[in-house]
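Student: Structure for this input, please:
(4 chains)
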4 protein chains.
Amino acid sequence: MTTIGFIGLGVMGAPMAANLVAAGFDVTGYNRTPAKAEPLVEAGGSAAPSVADAVRGADVVITVLPDSPDVEAVVLGDDGVFAHVAPGTLVIDMSTIHPDVARRLAGAGAARDIQVLDAPVSGGEQGAIDAKLSIMVGGDAAAFEAAKPVLDAMGTTVVHVGPAGAGQTVKAANQLIVAGVLELVSESLVFLDAHGVDLERAVQVLAGGMAGNAVLDRKAAGMLARNFSPGFRVDLHHKDLGIVTSAAREAGVAIPLGALVASLMGAARAQGHGALDHSALLLQVEQLSGRSGPSS
Amino acid sequence: MTTIGFIGLGVMGAPMAANLVAAGFDVTGYNRTPAKAEPLVEAGGSAAPSVADAVRGADVVITVLPDSPDVEAVVLGDDGVFAHVAPGTLVIDMSTIHPDVARRLAGAGAARDIQVLDAPVSGGEQGAIDAKLSIMVGGDAAAFEAAKPVLDAMGTTVVHVGPAGAGQTVKAANQLIVAGVLELVSESLVFLDAHGVDLERAVQVLAGGMAGNAVLDRKAAGMLARNFSPGFRVDLHHKDLGIVTSAAREAGVAIPLGALVASLMGAARAQGHGALDHSALLLQVEQLSGRSGPSS
Amino acid sequence: MTTIGFIGLGVMGAPMAANLVAAGFDVTGYNRTPAKAEPLVEAGGSAAPSVADAVRGADVVITVLPDSPDVEAVVLGDDGVFAHVAPGTLVIDMSTIHPDVARRLAGAGAARDIQVLDAPVSGGEQGAIDAKLSIMVGGDAAAFEAAKPVLDAMGTTVVHVGPAGAGQTVKAANQLIVAGVLELVSESLVFLDAHGVDLERAVQVLAGGMAGNAVLDRKAAGMLARNFSPGFRVDLHHKDLGIVTSAAREAGVAIPLGALVASLMGAARAQGHGALDHSALLLQVEQLSGRSGPSS
Amino acid sequence: MTTIGFIGLGVMGAPMAANLVAAGFDVTGYNRTPAKAEPLVEAGGSAAPSVADAVRGADVVITVLPDSPDVEAVVLGDDGVFAHVAPGTLVIDMSTIHPDVARRLAGAGAARDIQVLDAPVSGGEQGAIDAKLSIMVGGDAAAFEAAKPVLDAMGTTVVHVGPAGAGQTVKAANQLIVAGVLELVSESLVFLDAHGVDLERAVQVLAGGMAGNAVLDRKAAGMLARNFSPGFRVDLHHKDLGIVTSAAREAGVAIPLGALVASLMGAARAQGHGALDHSALLLQVEQLSGRSGPSS
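Tutor: Numbers count the residues shown, from 1 in each chain, chains lettered A, B, ... in the order given. From the prediction side, this is the model:
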């Protein structure tokens, strides 16, 4: 049986690890705040007191962490993943980090005969719980084949998009589109509300045509109900958009809508909404027009 | 049997009229270019030589025309719809026009005891052919109920969103979202191509997660194949975005992403792509970064 | 001696008319609110009870009014300028209106043998008081020569920029630049304040280099002192940016920064700052980042 | 007599060093490409074969280098400035770099009892030649007083704007405003040309009013003549806008116009204009609207 060391049991990591247990894998998890490992134990996995204990002897190591420095520390650190796994181990980083860092990890792994994949996800907390994530994978094709059964236990769309870093690049594009669509839907709701249109019916009909999108399907009801409990936090989406804009600069491409929505997500954060779900971009759009919520 | 006079048998109008025939309605069509009425005749409808002949005696009149002045001329003109229909007739304008004009038509109809609905559609040529349009209806609730069986023959999502003009307001929001998503997808494709990512696989995985949208589902394959035959022309979307920005001004709301994408759609037109499908927004994004198409 | 009928004695018109008196012209003014004609009378001019009385027998008629409909009503109305002046009269509209309307007035004048110039101004209330306006003139070259002595009494930069409407087109470009610079200066001040920089010294050094501009010279001190008494109101600049964006559409050119700043000026208005000086764009920028003013 | 070691004799550095010689300072220069030191020798200064030789024994060291890594290497490197100057030396970095790097240099200097100022400049090549630069200085007040006579030999507006890093922060704001104004002027010229307006006269009148700015005064004539020889290159302005956007993120402020113009400057670079003067932003605006230059 494949044994998995799982580092990072937060909003996303916890249900992903539980789904691995449900699929029959032997999962040992670690989280800096130990209490967050409890759901994994209840689901039938184990909790380890350190990264070293979680990954020692594992066939596969998965990391789901907030940002590039976290991943670098956990994977490359003195007492980190690479220091405790055997050659031949497969390390899958499912965090959202800069493509450059993903390539650096892959290179450092190759030097130790450790295979590294970047495999960030899309689909949100609900997608993680339902094992319906989209997983965009960069790295060696053989490593992808080896990882596929593991990834299939967490997502429904698991695609090998290119070499090391490519997964993170696609994730960056994903975050660009999601932020932009959140802003477009928010601008539309404020526009429609100002015109006195019934917003629930408008969302229903917009979702059925060419304007249809996952934000309308999964987020609009919460936005109308003014329920901004995360989900995926504005703070994290703001971080991700920093990756997008810097990766676009590095590639020498101009993304004007992306640049503008990155600025507006930053505004949402500056206005104090950083800890809310990213659909709280609506609050920024409302404030821009001096409005405090749907008129009805 | 309900008789329908149908004015405007273009890319959208022709299949919509044919679907009405298929649903058992008695349809007489008129188009300024008579040859465009031939498909309707082949489908079992009739062609009339004038607006007057098409609408005289009809229970329901439907108009599907390019722009506000066309609709005003056809409906209000000396030899137009209102001049030739009986009191009690139901007139459904399914064009995309300014909400103000829709309200004016409704008012002019009410003065003649003619019921007028604004019922613009979303879903594109394919949605029209498949009778799977989203139809957003503004006007009197009783008129909506009367129109419902007719509209159901053309679409799957038929929603009454508010009083006269509300249908056009929701359509404006629809066009804002669609333009924005086309631009976001285009920026993402150029970004991914510059990073050497496999675009087909990227589209596949993006479509499966929170970034999923109808543009990825229905347009991205054509964009990658560089097939920009319309579909819905850049020229018409540019016209619609003029409605969006002016309706936002009138409502006193700021739509920064909408304003920017309206400018960029105008750029696509100024670059000579006006007659192409609106997914040719990709060409504008490529030109912005000095690129002439996917590198592979 | 040249006699001048002057319609519109507001913030701009009143000092402009007074400067004409000071330059030796015989000026009869009219304003809808009669009290506003008092400063002109004190300056040595006359007040008339109607447009007709102000312009009858005048050699030159000048209009300085808020918007296109006002100018059309005053010039073309039943009891308006054209109805009461003799053939050969020179009519100079110094309002800021749509170039199309300026061309229509010129055409209507030509049909009556009345010469019409569009001659909008830049320089603000202070420029009007000091007779240091920039005046951008569209129309017939001979009419421009005839008008030059009159215009020289109100401004220091008086330039014939092209045929009828060209003055308004240049004014539109002027308003685009001014709005954009106000936003750029506002963004810079908020940026610098967030970094703890001394704003007065920063303004001093920015004004001395390539970033130097009239907004830094004339408006920044007021912005730092949070003095937003108009001056030129946000409401009027918002109106003018509607002209800019529509004239850009008509010319088939994309102005992305212009489109965005037009949206942000609309936001300032929607936030309730419409009656403040347009430098209150700073308040919109502060609100965007959740700030309520300089930290020091 | 004060002796000055001057590192970096490019487009800006060479005339700045020559002005120091003209003011009576004893200047020894170093440039990686030795030929670039010749003008300094002709002006009466000396050339050194290494950084070490240029700075050893100097009272003041000045650096004018392209980017943060260059400055860090020259100042902090094993054979760099700090390795060869005595305690008490004053080091003035006049490059444009990230405020964070400026603060790091100041800290590293303080640990060695070396005073460090960040003193970036604005005014362009002409300002450097004419000793009319604006110089924005961050660092200790006493160090500023000591540096003042040296800086006065290169500029006319020399202002102490705050502690270490503040000079670079103000320079970032300067680059934000200059880029934005270049884009606004470019959009205006394309807009006016499309309307058939005489561009030279338009520039003249725009420069005289509230839209007046240094770009119109110093750059517009070259833009109309399509002379884009640098000056200040698009590549460098693009680099600087990367500093601006990242410093805005760090400060938690949203700069929407700044974000958009940074994207458009990146487009100018991606279109192949990186080596041209930054006023070549005009070419990007023309391309956006499918235009290839003034119609007349």
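
Student: and the top strand by length along chain A, how far out from the chain's middle?
Tutor: In chain A, with assignment by DSSP state E, the single longest strand is strand A:155-162. Offset of strand A:155-162 from its chain centre (C-alpha atoms, centre = their mean, to the nearest Å): 14 Å.

Student: which outside residues touch that strand?
Tutor: For strand A:155-162, the external contacting residues (C-beta atoms under 8 Å, 6 or more residues apart in numbering or on different chains) are A:121, A:123, A:127, A:131-139, A:141, A:144, A:148, A:151-152, A:167, A:169-170, B:196-198, B:201-202, B:204-205, B:207-209. Heads up, the C-betas are built off the backbone N, CA and C, glycines and all.

Student: Can you flag which of those residues belong to strands?
Tutor: Those of those lying in strands (DSSP E): A:121, A:133-138.

Student: Which phi and psi values does A:D113 adopt?
Tutor: Dihedral pair for A:D113: phi 60, psi 30, per degrees, to the nearest 10.

Student: ok, back up a step: out of the ones in strands among the contacts of strand A:155-162, grab the one that's most surrounded.
Tutor: Within those, A:M136 tops the neighbour count with 34 neighbours, counted by other C-beta atoms under 10 Å in any protein chain shown.

Student: Surely that residue touches A:A173?
Tutor: No - taking contacts as C-beta atoms under 8 Å, A:M136 lies outside contact range of A:A173: 9.0 Å.

Student: what do these two both touch?
Tutor: Both A:M136 and A:A173 are contacted by B:202, B:206, under the criterion C-beta under 8 Å, 6+ apart.

Student: returning to what we had before: turn the ones in strands among the contacts of strand A:155-162 into TSV, including pLDDT and distance to chain B.
Tutor: Below are the ones in strands among the contacts of strand A:155-162 laid out as TSV (pLDDT from 0 to 100; distance: C-beta to the nearest C-beta, whole Å):
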residue	pLDDT	distance to chain B
A:V121	96	8
A:L133	96	7
A:S134	95	3
A:I135	97	7
A:M136	97	5
A:V137	98	9
A:G138	98	8
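
Student: And the furthest pair within those residues?
Tutor: Spatially, the most separated pair among the ones in strands among the contacts of strand A:155-162 is A:L133 and A:G138, at 15.8 Å (C-beta to C-beta).

Student: circling back to that earlier point, could you tell me which strands the longest strand of chain A is paired with, and in which direction each runs?
Tutor: strand A:133-138 (parallel) (DSSP bridges).

Student: Return the distance of the strand it pairs with from the chain's centre.
Tutor: 10 Å.

Student: Who are the packing partners of the lowest-mean-pLDDT helix or strand in chain A?
Tutor: Every helix and strand of chain A was ranked by mean pLDDT, DSSP states H and E. The lowest is helix A:124-129, at a mean of 92. On a contact count with 3 or more C-beta pairs under 8 Å, 6 or more residues apart in numbering or on different chains; DSSP states H and E, helix A:124-129 meets helix A:13-22.

Student: List the contacts of the helix it packs on.
Tutor: With contact meaning C-beta under 8 Å, 6+ apart, helix A:13-22 is reached by A:4, A:6, A:9, A:27, A:29, A:31, A:36, A:39-40, A:43-45, A:62, A:64, A:94, A:121, A:125, A:128-129, A:131, A:133, A:150, A:153-154.

Student: Since that was my last question, I'll sign off now.
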